[in-house]
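Colleague: Would you be able to build a 3D model of this:
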Amino acid sequence: MILTIDAGNTRIKGAVFEQHTLVDTFLFETETLQEKILKILNENGNITDIVIASVGKAAFEEFLIFSERVNVRTISHQDVFPFKNLYETPLTLGIDRMVLAAGAVLAYPGDNRLVIDAGTCITYDFVNDQDEYLGGAISPGIRLRYKGLHQFTAKLPLLERQDPENFIGKSTNEAIHSGVINGVLHEIDGFIAQYQAQCPKFTIILTGGDAEFLAKQLKNTIFANSNFLLESLNHIFHYTNQND
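Modeller: Next up, the predicted model:
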């Protein structure tokens with residue numbers, strides 16, 4: 001069994017896998033990292049490895065406390081990935097985006113793939129059917145948009161994510177919900193349309209904390225999987241072991 005860890009900007013997600021079967025998932029705050037992982041290890045005594053992708057503030061050293069008990073590995077730019085990286089600044093490409101691209105290659109072999117990660121930021125990553133990573137885009141996520149409207153204006157309130165009742169907002173709150181949520185939906189559909197203009201057939205994977213919220217409202221056919229990064233870490237673990 002392995003424990004995969006997605007250490008993000010705001011929270012940490014984890015999953016336990018038995019081979020390619022997802023056994024359990026976890027979500028906790030960075031401040032409780034060691035306490036929560038110790039609990040997971042105690043409850044799942046057959047875990048042999050922890051595989052980590054970190055883009056947040058949790059340092060790799062915080063995981064090393066467990067290295068006497070299990071193998072601890074963090075994914076880095078030095079690892080071998082199952083795609084050719086054509087990004088012009090490869091060392092600035094986030095590890096989370098690289099892991100998602102690798103997961104898309106391993107889960108959907110022979111396809112063109114677009115991975116959309118709707119989290120703190122919304123990232124778009126495209127890997128073609130030749131397993132070449134071409135790049136993508138980065139934009140503010142839903143919560144960042146709500147916070148930005150509040151922090152950079154004098155009077156707009158800070159709201160929580162909510163489906164707009166109507167695209168024509170009849171109050172300030174309704175107008176904010178419409179602008180943020182419909183703006184994100186139109187953005188995603190617009191990006192997909194741009195990719196379709198250049199590549200008519202490809203697989204779309206939607207993941208991240210807002211994936212389930214957005215999936216039911218998007219026009220395009222997608223695979224919505226909020227655990228795709230955790231699953232991708234599991235794929236990379238097995239891919240690396242087979243190619244050592």
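Colleague: What separation is there between residue 80 and residue 54?
Modeller: Going from residue 80 to residue 54 by C-beta to C-beta, to the nearest Å gives 19 Å. From N, CA and C alone the C-beta is placed, and that goes for glycine too.
Colleague: Compare these two and say which one has the larger neighbour count.
Modeller: residue 54 (20 against 10; other C-beta atoms under 10 Å).
Colleague: so the more buried one touches residue 60, yeah?
Modeller: Yes: between residue 54 and residue 60 there is a contact under C-beta atoms under 8 Å: 6.8 Å.
Colleague: overlap in contacts of the two?
Modeller: Taking C-beta atoms under 8 Å, 6 or more residues apart in numbering as the contact rule, residue 54 and residue 60 both touch residue 74.
Colleague: Do me a favour and get the end-to-end distance for stretch 26-40?
Modeller: 9 Å (C-alpha to C-alpha, to the nearest Å).
Colleague: Next up, identify which helix or strand the residue lying farthest from the centre of the chain is on.
Modeller: Distance to the chain centre peaks in the chain at residue 170, reaching 33.9 Å (criterion: C-alpha atoms, centre = their mean). Secondary structure assignment for residue 170, by DSSP states H and E: no helix or strand.
Colleague: quick one: it from residue 178, how far?
Modeller: Taking C-beta to C-beta, one finds residue 170 at 10 Å from residue 178.
Colleague: which parts of stretch 134-148 are buried?
Modeller: 134, 136, 139-146 (16 or more other C-beta atoms under 10 Å).
Colleague: From those, which land in strands?
Modeller: 134, 136, 139-140 (DSSP state E).
Colleague: about what we covered before: mind putting the buried residues of stretch 134-148 in TSV, distance to residue 224 and pLDDT included?
Modeller: Shown next, in TSV, are these (distance: C-beta to C-beta, whole Å; pLDDT from 0 to 100):
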residue	distance to residue 224	pLDDT
134	23	97
136	18	96
139	19	97
140	20	97
141	16	96
142	15	97
143	19	96
144	21	96
145	20	97
146	22	97
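Colleague: how's this structure carved up into domains?
Modeller: The chain breaks down by automatic domain parsing into domains covering 2-74, 84-233.
Colleague: Break down the chain into its strands, ranges please.
Modeller: 2-7, 11-18, 21-29, 49-54, 71-74, 84-85, 113-118, 121-127, 132-140, 203-207, 223-224.
Colleague: Distance to residue 102 for the ones you listed - can I get that in TSV?
Modeller: Compiled in TSV, the strands of the chain are given as follows (distance: least, C-beta to C-beta, whole Å):
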stretch	distance to residue 102
strand 2-7	13
strand 11-18	16
strand 21-29	18
strand 49-54	10
strand 71-74	14
strand 84-85	10
strand 113-118	10
strand 121-127	9
strand 132-140	9
strand 203-207	12
strand 223-224	16
